[in-house]
Structures are given as C-alpha cells and as structure tokens.
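Asker: sequence and predicted structure, then a few things I'm wondering about:
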Amino acid sequence: MNFWLFQLTRTTIADYWRTRARDSTCSLEALLDSGWEGSTEEPVTSNDTAVDRVHLLLQALPVHYREVLICRFLLTLSIRDTARHMGLNVANVKVMQFRALKRAADIAPTVFD
C-alpha cells in the first residue's frame, strides 16, 4: 500500500513539473514574434581582453563547434533551440557541445600564447 502511494505521488509531481517545463519553454522565434528585442545593456567594448580572447578562441575552432558554442553560450539558446537552428537532433548537439568545450580547453593555451 505504501509503495503504491509513493508511486502515485512521484508520478503526480513528475507530471506537474513536466507540464510546467513545457509551458515555460519558448523558442527564439516566439520571443522575437512577441516583440522581444534582446538586452538593452551596452555591448562590451571590443578592446576588452576577455572579449578578444573569446573571439580568438572561437575563430580557432572548427565552424560547427564555433556555431554550437555561439548558440548555447552567447545567444543563450536551449539545447532544443540550438538543435533546431543547426538542423540536428538534441543528442547530437549535446555531444557536439561537449566536444567543442573540450577542444576549446585543449587549444586555449596555444591560442593565448
């Protein structure tokens, strides 16, 4: 009896969060259609060394790695939106993001010397 109540409670909570996550997820296209214009903060100046370092590192990466990192971290797109943008499935984007971050970490010392 207790196991049945536990399972019922667990399923109910999972359904609640699944519905809430589905309702709160929105794509970049939906945001743009609703009039969202992005951040109103001043852009970081190009003479900032951190920005220059990011640009150098991104330029040293292969195009597909660069694109996935730009979508995920600079445009702050979700995995799902990044996959849709790149025409890939979610699993491929996850693997590509992992490999891109690993490659960036590996080549960073040579890029910044």
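Answerer: That came through, no problem.

Asker: centre-most residue in the protein?
Answerer: Arg72 (2.8 Å; C-alpha atoms, centre = their mean).

Asker: that one: what's it in contact with?
Answerer: Ile79, Thr82, Gln97 (C-beta atoms under 8 Å, 6 or more residues apart in numbering). All C-beta spots, glycine's among them, are computed from the backbone N, C-alpha and C.

Asker: for the protein, what helix or strand is lowest in average pLDDT?
Answerer: Of the helices and strands making up the chain, the lowest-confidence element is helix 28-33, at a mean of 67, by mean pLDDT, DSSP states H and E.

Asker: tell me the helices and strands packed up against the very next helix or strand once past it.
Answerer: For helix 28-33, the following helix or strand on the C-terminal side (DSSP states H and E) is helix 49-60. For helix 49-60, the helices and strands in contact under the criterion 3 or more C-beta pairs under 8 Å, 6 or more residues apart in numbering; DSSP states H and E are helix 63-69, helix 90-111.

Asker: sketch out the low-pLDDT regions of the chain for me.
Answerer: 1-3, 17, 20-31, 36-48 (pLDDT under 70).

Asker: hang on, the earlier thing: for Thr12, which of the helices and strands packed on helix 49-60 is the nearest?
Answerer: Checking these against Thr12 by C-beta to C-beta gives helix 90-111 as the closest, at 26.3 Å.

Asker: what residues of that closest one count as buried?
Answerer: Of all the residues in helix 90-111, those buried under the rule 16 or more other C-beta atoms under 10 Å are Val93, Met96, Gln97, Ala100, Arg103, Ala104.

Asker: pull the CA atoms of it into CSV?
Answerer: As requested, the backbone C-alpha atoms of helix 90-111 are provided in CSV (Å, rounded to 0.1, in the frame of the first residue of the first chain):
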residue,chain,number,x,y,z
VAL,A,90,19.2,17.1,-29.4
ALA,A,91,21.6,14.2,-28.7
ASN,A,92,24.0,15.4,-31.5
VAL,A,93,24.0,19.0,-30.1
LYS,A,94,24.9,17.7,-26.6
VAL,A,95,27.8,15.6,-27.9
MET,A,96,28.9,18.5,-30.1
GLN,A,97,28.8,21.0,-27.3
PHE,A,98,30.9,18.6,-25.1
ARG,A,99,33.5,18.1,-27.8
ALA,A,100,33.6,21.8,-28.6
LEU,A,101,34.2,22.8,-25.0
LYS,A,102,36.9,20.1,-24.7
ARG,A,103,38.6,21.3,-27.9
ALA,A,104,38.4,24.9,-26.7
ALA,A,105,40.0,23.9,-23.4
ASP,A,106,42.7,21.9,-25.3
ILE,A,107,43.7,24.7,-27.7
ALA,A,108,43.3,27.6,-25.3
PRO,A,109,46.9,27.6,-24.1
THR,A,110,48.3,27.7,-27.7
VAL,A,111,45.8,30.4,-28.8
